[in-house]
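1. predicted model and sequence below, questions to follow.
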Amino acid sequence: MQVRRSRLVPSEARDELAESLKALRASLNAPGEFSPAVQSEAEAVARSVSVDPTVAGLPDLRDIPFLTIDPPGSTDLDQAIHLERTPDGAVLHYAIADVPVYVEPGGAIDVEARRRGQTLYAPDGRVPLHPAVLSEGAASLLPGTDRRAFVWRFLLDEGSRPLETTLTRAIVRSRTQWTYDDAQRAIDGGTDDETLAALPWFGTERAVRERERGGASLNLPETHIVAEADGYRLERSEGVPLEEWNAHVSLLTGMAAADLMLRGGIGILRTMPPADPDDVAAFRAQTVALGVPWRFDVEYGDYLRSLGQSAPERAAREYAASLFRGAGYVAFDGEAPEETIQAAIGAPYAHTTAPLRRLVDRWSLVICEAIAQGREVPAWARDSLPDVPTLMARSSQRASQLDAGALDRVEAAVLHGREGEEFTGIVLAQRGDGARVQVRQPPVAVKVAGLTEEPGSTVRLRLEQASVADGSIIFSRA
């Protein structure tokens, strides 16, 4: 795993950054603390919901040794996994936090969750979808605690194809909480944990299935804002293989949920239209110009998977991201929507594995469970289903604006005081009257006006301005 870290935000910029981030939240009307009514309701329901299988009248699946894999410090744990190889495949159990049992339709928690839409993440703290007593306590799949969950069970063949799928509510208990890095090290060292040991097989086979259905995973390096005791720094990481293997568990479940809802005639899908043919042609031409041509006899997803870390290949991946546009939600009750495919996945797909952090998953889960168990979909879910796409679109827009605005401000703060210095960068793409450039150190991505070098080119830049107040950064050609 390649990781590039920047220095900490200089001390003289920290107070200004704190004020800038606070102003950003205010400009986006980001929610603040939960009201006393919401908090009181959450505390009451956290005490009243039973996790005793007999009292709850639910199957007892606590003997399944589930584990969780999340970023360091995570406490809102939506998913727990257990994967056991068999002579001709595997059995996968995937437990998803039972948030609906804690949310009374029309109650204070429900109303506030619909207003928020999703958990927002910012350098100066997250804005949770649900009160911490639920999202980090009673509903979270923390290790060593009994929890209510929706449990998906997949009987898989040797190619990791689902032969049988079931979904039921149950009581579970996770055994261990892993971070991605620690779990990857355990796998690389030859772990005896059956789930971790089986994940490389699962992920590899699911990647093959993705190629077969025409899906394309675009795994771009990500720049993260890391909060430390004395400030913030930037970290650009390629990630570890386990992240992709684990993502395939969620993808498999999302496809199973979409299939279940389409067969049941009610649900909500996450869709994305196919790339525009003109955009595809432009991308293919750009890969030729970069010297890493996308040949006509190679599928799009295979081409993306073949790209390495050279400057031209990184630029090609950056261009490819422009083809992944137009994702949204479509609700239906009765006739299936005209467009059901999520083009990047290559199949119908639904968000259903993160109910602690994303509003729509609560509807997906209760609808899927009702269909799977042969019951009527709860009236509250059916009646309010048409509202969910709008709620999610609004919250997604705010989340995107917060992510981008916070990153801009931290990048400016990291560069604060270095005006006049020169930096090396790689041109990623042409953007209007300039170019988008990835600076090597610190790992900052900026648009540089007037830059005409071809994507993949190495350039020297001089920092002219870094405004912490609004996150604007101005570079010129050195």
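-> Nice, thanks for sending it over.
2. what's the pLDDT at the nearest residue to T223 once chain neighbours are set aside?
-> Spatial nearest neighbour of T223, excluding adjacent residues (Cβ to Cβ, 6 or more residues apart in numbering): R236 at 4.8 Å. C-betas here are computed from N, CA, C, even on glycine. Listed pLDDT for R236 reads 74.
3. make sure R236 is actually in contact with P443.
-> Yes - with contact defined as Cβ atoms under 8 Å, R236 and P443 form a contacting pair (3.5 Å).
4. can you give me the pLDDT of L220?
-> In this model, L220 is scored at 66, pLDDT.
5. helix or strand, whichever it is, which one in the protein has the lowest mean pLDDT?
-> Between all helices and strands in the chain, the lowest mean by mean pLDDT, DSSP states H and E belongs to strand 3-5, at a mean of 63.
6. can you pull the contacts of R62?
-> Applying Cβ atoms under 8 Å, 6 or more residues apart in numbering to R62 gives the contacts 53, 146, 171-173.
7. so which of those belong to strands?
-> 146, 171-173 (DSSP state E).
8. give the helix, strand or coil label for L385.
-> helix (DSSP: H, G, I helix; E, B strand; the rest coil).
9. helix, strand or coil: sort out T352 for me.
-> Assigned with three-state DSSP, T352 falls in the coil class.
10. from what I can see L141 touches H82, true?
-> No - using Cβ under 8 Å, L141 makes no contact with H82, being 11.9 Å away.
11. residues making contact with stretch 384-398?
-> So stretch 384-398 is contacted by 28-30, 105, 114, 116-118, 120, 266, 268, 328-331, 333, 358-360, 363, 367 (Cβ under 8 Å, 6+ apart).
12. which ones among the residues you listed map onto strands?
-> Counting by DSSP E, these place 266, 268, 328-331, 333 in strands.
13. L402: neighbouring residues, count only.
-> If you count neighbours by other Cβ atoms under 10 Å, L402 ends up with 20.
14. so it makes contact with L120?
-> Yes - with contact defined as Cβ under 8 Å, L402 counts as touching L120 (5.5 Å).
15. between these two, which contacts overlap?
-> The contact sets of L402 and L120 overlap at A30 (Cβ under 8 Å, 6+ apart).
16. returning to that earlier point: among the contacts of stretch 384-398, which ones are buried?
-> In these, burial by neighbour count holds for 28, 30, 105, 114, 116-118, 120, 266, 268, 329, 331, 358-360, 363, 367, counting by 16 or more other Cβ atoms under 10 Å.
17. spatially nearest residue to D302, not counting backbone neighbours?
-> Using Cβ to Cβ, 6+ apart, the closest residue to D302 is R211 (6.1 Å).
18. quick revisit: top of the contacts of R62 by neighbour count?
-> Neighbour counts for the contacts of R62 (other Cβ under 10 Å) peak at V172, which has 28 neighbours.
19. hmm, back to that, that's a strand at the residue nearest to T223, yeah?
-> Yes - the assignment for R236 (three-state DSSP) places it in a strand.
20. count residues in the vicinity of it, would you?
-> 21.
21. can I see the domain layout of this structure?
-> 3-273+326-411, 277-321 (automatic domain parsing).
22. among those, where is the model least confident on average?
-> domain 277-321 (a mean of 83).
23. what is the end-to-end distance of that domain?
-> End-to-end distance for domain 277-321: 15 Å, by Cα to Cα, to the nearest Å.
24. ok, now stretch 118-130?
-> OK, stretch 118-130 end separation, Cα to Cα: 9 Å.
25. tell me how far that stretch is from the chain's mean position?
-> Offset of stretch 118-130 from its chain centre (Cα atoms, centre = their mean, to the nearest Å): 14 Å.
26. residue boundaries of the helices in the protein?
-> Taking DSSP state H to define them, one finds helices in the chain at 11-27, 36-48, 53-56, 108-116, 132-133, 180-188, 194-213, 241-264, 277-290, 300-306, 311-320, 360-372, 379-384, 388-415.
27. quick one, which of those is packed in tightest?
-> When the helices of the chain are scored by mean count of other Cβ atoms under 10 Å, the highest mean neighbour count falls to helix 360-372 (a mean of 24).
28. show me what it is packed against.
-> If you count contacts as 3 or more Cβ pairs under 8 Å, 6 or more residues apart in numbering; DSSP states H and E, helix 360-372 packs onto strand 146-157, strand 162-179, helix 241-264, strand 266-271, helix 379-384, helix 388-415.
29. still on that earlier bit, quick one: which of the ones in strands among the contacts of R62 is nearest to Y319?
-> Among the ones in strands among the contacts of R62, V172 lies closest to Y319 (Cβ to Cβ), at 43.2 Å.
30. surely the closest one touches D63?
-> No - V172 lies out of contact with D63 (Cβ under 8 Å); the separation is 9.6 Å.
31. nearest residue to V298 in space, please, no chain neighbours.
-> The shortest distance from V298 to any non-neighbouring residue, by Cβ to Cβ, 6+ apart, is to S306 (7.7 Å).
32. equivalent analysis for D88, please.
-> Nearest one to D88, counting by Cβ to Cβ, 6+ apart, is E158 at 5.8 Å.
33. which parts of stretch 92-104 are buried?
-> For stretch 92-104, the neighbour count (16+ other Cβ under 10 Å) marks 92-103 as buried.
34. for L141 and H82, indicate the residue with more neighbours.
-> Using other Cβ under 10 Å, the more surrounded residue of L141 and H82 is L141, with 26 against 22.
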